[in-house]
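**Q** based on what follows, work out the 3D shape:
(2 chains)
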Protein chains: 2
Amino acid sequence: MKAKVYVTLKSGVLDPQGKAIQHSVELLGYEGIADVRQGKYFEIALDGSLDEARARELAEAVGRDVLSNPVIEDYRVEVEA
Amino acid sequence: MKAKVYVTLKSGVLDPQGKAIQHSVELLGYEGIADVRQGKYFEIALDGSLDEARARELAEAVGRDVLSNPVIEDYRVEVEA
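**A** Numbering: from 1, shown residues only, chains lettered A, B, ... in the order given. Predicted coordinates:
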């Protein structure tokens, strides 16, 4: 069973890394990009013995407590069989 | 229009950052985690004037040429209206 955790900066939090990417992309000549924001993405392989509810609970706990900073970041969890 | 770009290490490429997270998560007492791999996630806001085909093409080009290293990374693009 696999969980995907997406961590993004809350809207309103400045993202200098995203701005740097946006600027570079413009310098490289790509047109039509209004904004870039960078987040993090984690793929977590879970023990096959866990059922889906337990797997989701575990992935939520890790996403909330370990992988994201609740002051400035949001997280989202997807669990796949 | 918004594009989401996911960049992940190809399978087979070592991911020491993911291993460090996995080790920390184990030390913190979470059980049932077999593996963690870290990737990158980008949210790109595109000019509203682009149609969906053009938006996808632009996001694919940026994902392929700027945001990922084709030697060690794969990328995936999703476009939403």
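**Q** from now on I want contacts and neighbour counts done on CA atoms only, so please keep to that.
**A** Noted.
**Q** can you give me the buried ones in stretch A:66-73?
**A** The neighbour-count check on stretch A:66-73 (16 or more other CA atoms under 10 Å in any protein chain shown) flags A:67-68, A:73 as buried.
**Q** also stretch A:48-57?
**A** Using 16+ other CA under 10 Å as the burial criterion, the residues of stretch A:48-57 that qualify are A:55-56.
**Q** any part of it near chain B?
**A** Yes: applying CA under 8 Å from any CA of the partner chain, one finds stretch A:48-57 touching chain B at A:Leu50.
**Q** nearest to chain B, of the buried residues of stretch A:66-73?
**A** Using CA to the nearest CA, A:Leu67 comes nearest to chain B of the buried residues of stretch A:66-73, at 8.5 Å.
**Q** how much space separates the closest one from A:Ala55?
**A** Relative to A:Ala55, A:Leu67 is positioned 16 Å away (CA to CA, to the nearest Å).
**Q** now do A:Leu27
**A** 44 Å.
**Q** and if you look at A:Ala45?
**A** In terms of CA to CA, A:Ala45 sits 10 Å off from A:Ala55.
**Q** now the common contact residues for the two.
**A** Both A:Ala45 and A:Ala55 are contacted by A:1, A:3, under the criterion CA atoms under 8 Å, 6 or more residues apart in numbering or on different chains.
**Q** tell me the helix or strand right after whichever strand in chain A runs longest.
**A** In chain A, taking DSSP state E as the definition, the longest strand is strand A:33-46. With elements assigned by DSSP states H and E, the helix or strand that comes after strand A:33-46 is helix A:52-62.
**Q** strand partners of whichever helix or strand comes after that next one, parallel vs antiparallel please.
**A** Of the helices and strands lying after helix A:52-62 in sequence (DSSP H and E), the nearest is strand A:73-80. Here strand A:73-80 is paired, per DSSP bridges, with strand A:2-9 (antiparallel).
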